[in-house]
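# Here's my sequence, what's the structure:
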Amino acid sequence: MTLDFITWNIDPVAFTLGPLSVRWYGILWALGIWLAYYSQIKLYRHEHLPEEWTDKLFMYMVVGVIVGARLGHCLFYEWHLLEEPVKFLGITFKYANPYLAKPWQLLYIWQGGLASHGGAIGLLTAGYFLNKQFKKGFIWIFDRLVIGVCVCGACIRLGNLMNSEIYGDYTTMPWGFIFARNGETQPCHPTQIYEMLYCLITFIVIWWMYWKKEAYKRTGLIFGVSLLGIFGTRFLLEFIKFNQEAFEENMLLNMGQILSLPFILWGIYLVVHALRKQKP
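Here you go, the predicted structure:
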């Protein structure tokens, strides 16, 4: 039995309250953050850590991931071809970022635009400041935090599916999705589902590593594996995704792949370094 493709035409708005429209994307973001918070409570209780730490963690990480995701989208992806190239200091610029001229529009989060790589950088920045209070080590924080991040990432990718956005190239696979709301008439790779699955698989692996193998005792091992699981697969999936912006068309690697490379290399380093150290 084969599927005759899937026509996807879900309304991205879950419900309305007067003039306010509540979208599935926002609901799934909130659900992902709550699940990440709940996972940290469970881990911190297991290690007999102060309960107030989870509240501080929640505050820092919510601000870090949302601000980082917004800034990441605006600065990494919002580059547009100029009608006439501009020459400055002997360098010809063909593209410009509108937020450099109108920085206040960075606050227009309701217009959409959140980037996962920006969210990751925001989390890392928040973790740096949080460690000044915990004093347990920057990598120590993320060995535990990434378990919740993987669950949150899966929820966000499901939100992308509900928005009919960030999908893949055309496919003849029977599980292809026809994103009718976007005017598509051919089936495309539902890369939102692929990315949701690799987040969940990474979560299962590092959850097993934490509880069954006590991998948190090897500082950096869980964090390193998660970086490889998330950004390694993200790098590969970009080959079957439509580019998000026009400026990526002539690039050997698109922006998502370029931004993933440092995280992949960091993940390799952390895993190798952790395995070389004797387990406490």
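# so where's the stretch 101-250 of the chain shaky on pLDDT?
109-112, 246 (pLDDT under 70).
# could you pull out the strands for the chain?
Along the chain, the stretches classed as strands by DSSP state E are 6-8, 13-17, 20-23, 80-88, 91-96, 177-179.
# Flag whichever of these has the least confidence on average.
The minimum mean pLDDT among those belongs to strand 80-88 (a mean of 64).
# how about the helices of the stretch 101-250 of the chain, start to end?
Along the stretch 101-250 of the chain, counting by DSSP state H, counting those that start in this stretch, helices occupy 116-134, 138-162, 191-213, 221-227, 233-237.
# list the helices and strands the fourth one packs on?
Right, the one you point to is helix 221-227. helix 138-162, helix 191-213, helix 255-276 (3 or more C-beta pairs under 8 Å, 6 or more residues apart in numbering; DSSP states H and E). Heads up, the C-betas are built off the backbone N, CA and C, glycines and all.
# just how off-centre is that helix within its chain?
15 Å (C-alpha atoms, centre = their mean, to the nearest Å).
# before we move on, what about the first one?
Per C-alpha atoms, centre = their mean, the displacement of helix 116-134 from the mean C-alpha position of its chain is 14 Å.
# In it, which residues are buried?
Judged by neighbour count (16 or more other C-beta atoms under 10 Å), helix 116-134 contains these buried residues: 116-123, 125-127, 130-131, 134.
# out of these, who's nearest Glu165?
Distance to Glu165 across the buried residues of helix 116-134 (C-beta to C-beta) is lowest for Ser116, with 12.7 Å.
# Surely that closest one touches Ile156?
Yes - the pair Ser116 / Ile156 is scored as a contact, 7.4 Å apart, by C-beta atoms under 8 Å.
# picking that back up, could you dump the buried residues of helix 116-134 into TSV with distance to Asp143 added?
Listed next are the buried residues of helix 116-134 as TSV, based on distance: C-beta to C-beta, whole Å:
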residue	distance to Asp143
Ser116	20
His117	20
Gly118	22
Gly119	19
Ala120	15
Ile121	18
Gly122	19
Leu123	13
Thr125	18
Ala126	16
Gly127	11
Leu130	14
Asn131	12
Phe134	12
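# list the contacts for the residue most central in space within the chain?
Residue closest to the average C-alpha location in the chain (C-alpha atoms, centre = their mean): Ser116, at 3.0 Å. Residues counted as contacts of Ser116 (C-beta atoms under 8 Å, 6 or more residues apart in numbering) are 69, 72, 153, 156, 234.
# residues touching the fourth one, list them.
Translated: Ile156. With C-beta under 8 Å, 6+ apart, Ile156 has these contacts: 28-29, 32, 116.
# Which of those are buried? Put it as a PyMOL command.
Per 16+ other C-beta under 10 Å, the buried members of the contacts of Ile156 correspond to this PyMOL selection:
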select buried, resi 28+29+32+116
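# quick check, nearest of the contacts of Ile156 to Leu20?
Using C-beta to C-beta, Trp29 is the member of the contacts of Ile156 that lies nearest Leu20, at 15.9 Å.
# pLDDT score assigned to that closest one?
So, for Trp29, pLDDT stands at 90.
# My guess is it contacts Arg157. True?
No - with contact defined as C-beta under 8 Å, Trp29 and Arg157 do not form a contacting pair (11.0 Å).
# what about Ser226, neighbour count?
27 (other C-beta atoms under 10 Å).
# Contact partners for it?
For Ser226, the contact set (C-beta under 8 Å, 6+ apart) comprises 146-147, 149-150, 202, 206, 267.
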